[in-house]
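Novice: dropping the sequence and predicted coords here.
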Amino acid sequence: YNRFKSVFSILASVLIILLIMQHRNLEQKSIQNNINFSLIYDKEYYWEHNKDVSEKFDRNDETDILNYAEMNKNKWKNMGIEYCTVEDEWYPNTLKKITDRPVLLYYRGNIEIINEYHNIAVIGSRKCSLKGRKISYDTGKYLAEKNVNVVNGLALGCDTEALKGTIAGGGRCIGILPAGLDDILPKSNQKLADEIVMKDGCLISEYPVGTPVKKYQYVRRDRLQSGLSDGVLIVEAEEQSGTMHTVEFAQNQYKRLACYYHKLVELSSGNRKLEEAGQISVIEDKKRLEEFVEAVMKEQTYEQLTLF
């Protein structure tokens, strides 16, 4: 009995030591999380998890944003991610003209193509018909042949097909993400994102590495899709789809707008609404598409004004 009691005491001691070590490891991880400055741009998360350092950085303060980027630039560069400010010559000229432009942009790939060529956003719903998919692909391929960059948010459906068509046509793509560039969304488009970069395109975000995605960031991203582009082309969209956010931003930014005729696609209540409202080019055939692209390439850009 005494021998059994001794063995039990030893096992109990070992178990207590293991529990203490596990607690210390968890505590250490908690400390590391509390100084994860890459999440400072999500204020809600930051205030909850970094209360002890919450006053050191402010995502709305330009100096703090730049200081944080400078502090991490070497680490990000090793990941193939760099950044530019509005003072840099390769910061997109079109974005400089909108009122709520990002202080800086994080990018992966060749960002200089944005200022070198014309850019047209080809967008549509994630849930799209087979007709919508084909039109998106063919549109991307046509714009590649016209030497125009294709811009969108890398979403499933119309966006993805337009990017694939552009690459197939030997063109350049610009994907704008709603989170840090280390987190490609959707995950299934990781290979496509890599191919965009390899084929002289680029990926862009206003959020630093490590920033998790929130719903509102998708809408914020939409203003960059239109703001960066010289024109916006809607392939297929329902009236309640997120595509209509981009349309609204484009209108406020005085961008040239077009949509495919609603009877050419199926899930097109958004297209129909835009047609009825007027002030938008309706693409019924290739000739109309050619006219729209030509108009975009000739049009002067205007700076968005802030009214007081």
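Specialist: Right, received. Where do you want to start?
Novice: my guess is Ala179 meets Gln217, correct?
Specialist: Yes: using C-beta atoms under 8 Å, Ala179 is in contact with Gln217, at 6.5 Å. Every residue, glycine included, has its C-beta placed from N, CA and C.
Novice: mutual contacts of the two, please.
Specialist: Any residue near both Ala179 and Gln217 by C-beta atoms under 8 Å, 6 or more residues apart in numbering counts here, and that gives Tyr207.
Novice: so who does the residue nearest the centre of the chain touch?
Specialist: Centroid-nearest residue in the chain, with C-alpha atoms, centre = their mean: Leu177, separated by 1.5 Å. Residues near Leu177 by C-beta under 8 Å, 6+ apart: Gly153, Leu154, Asp183, Ile184, Leu185, Leu203, Ile204, Ser205, Tyr207, Arg221.
Novice: how about a cut-off of 7 Å?
Specialist: Leu154, Leu185, Leu203, Ser205, Arg221 (C-beta atoms under 7 Å, 6 or more residues apart in numbering).
Novice: in strands, which of those residues fall?
Specialist: Leu203, Ser205 (DSSP state E).
Novice: quick check: the farthest pair among the contacts of Leu177?
Specialist: Leu203 and Arg221 (12.0 Å; C-beta to C-beta).
Novice: which stretches of the protein form strands?
Specialist: Under DSSP E, the chain gives strands at 82-85, 104-109, 119-123, 149-152, 173-176, 202-205, 231-234, 256-260, 281-283.
Novice: in TSV: these, plus distance to Gly140, mean pLDDT and mean neighbour count.
Specialist: Formatted as TSV, the strands of the chain follow (distance: least, C-beta to C-beta, whole Å; pLDDT from 0 to 100; neighbours: other C-beta atoms under 10 Å):
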stretch	distance to Gly140	mean pLDDT	mean neighbour count
strand 82-85	26	96	19
strand 104-109	17	96	24
strand 119-123	6	98	28
strand 149-152	5	98	30
strand 173-176	8	98	28
strand 202-205	16	98	24
strand 231-234	10	98	27
strand 256-260	13	97	23
strand 281-283	14	97	19
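Novice: give me the below-cutoff pLDDT ranges for the stretch 151-300 of the chain.
Specialist: For the stretch 151-300 of the chain, the stretches with pLDDT under 70 are 300.
Novice: now do the helices in it.
Specialist: 158-168, 190-198, 215-228, 243-252, 269-277, 286-298 (DSSP state H, counting those that start in this stretch).
Novice: so which of these is the most surrounded?
Specialist: Comparing the helices of the stretch 151-300 of the chain by mean neighbour count (mean count of other C-beta atoms under 10 Å), helix 158-168 ranks first with a mean of 25.
Novice: so what touches that one?
Specialist: 122-125, 128, 132-133, 136-141, 143-144, 150, 152-154, 173, 189, 192, 195-196, 199, 235-236.
Novice: chain center to it: distance?
Specialist: Centre-to-centre, helix 158-168 and its host chain are 16 Å apart (C-alpha atoms, centre = their mean, to the nearest Å).
Novice: how about stretch 205-222?
Specialist: Here stretch 205-222 is found 7 Å from its chain centre; the criterion is C-alpha atoms, centre = their mean.
Novice: could you export it as PDB, CA atoms only?
Specialist: What follows is stretch 205-222, C-alpha atoms only, in PDB (Å, rounded to 0.1, in the frame of the first residue of the first chain):
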ATOM      1  CA  SER A 205      -5.300  46.400 -50.100                       C
ATOM      2  CA  GLU A 206      -5.700  49.400 -47.800                       C
ATOM      3  CA  TYR A 207      -5.200  47.000 -44.800                       C
ATOM      4  CA  PRO A 208      -1.800  45.800 -43.400                       C
ATOM      5  CA  VAL A 209      -0.700  42.200 -43.200                       C
ATOM      6  CA  GLY A 210      -2.600  40.300 -40.500                       C
ATOM      7  CA  THR A 211      -5.800  42.400 -40.700                       C
ATOM      8  CA  PRO A 212      -8.800  40.000 -40.500                       C
ATOM      9  CA  VAL A 213     -11.800  40.600 -42.700                       C
ATOM     10  CA  LYS A 214     -15.000  42.200 -41.400                       C
ATOM     11  CA  LYS A 215     -18.300  42.600 -43.400                       C
ATOM     12  CA  TYR A 216     -18.000  46.400 -43.600                       C
ATOM     13  CA  GLN A 217     -14.500  46.100 -45.200                       C
ATOM     14  CA  TYR A 218     -16.100  44.500 -48.300                       C
ATOM     15  CA  VAL A 219     -18.100  47.700 -48.800                       C
ATOM     16  CA  ARG A 220     -15.100  49.900 -48.100                       C
ATOM     17  CA  ARG A 221     -13.200  47.800 -50.700                       C
ATOM     18  CA  ASP A 222     -15.900  48.600 -53.300                       C
END
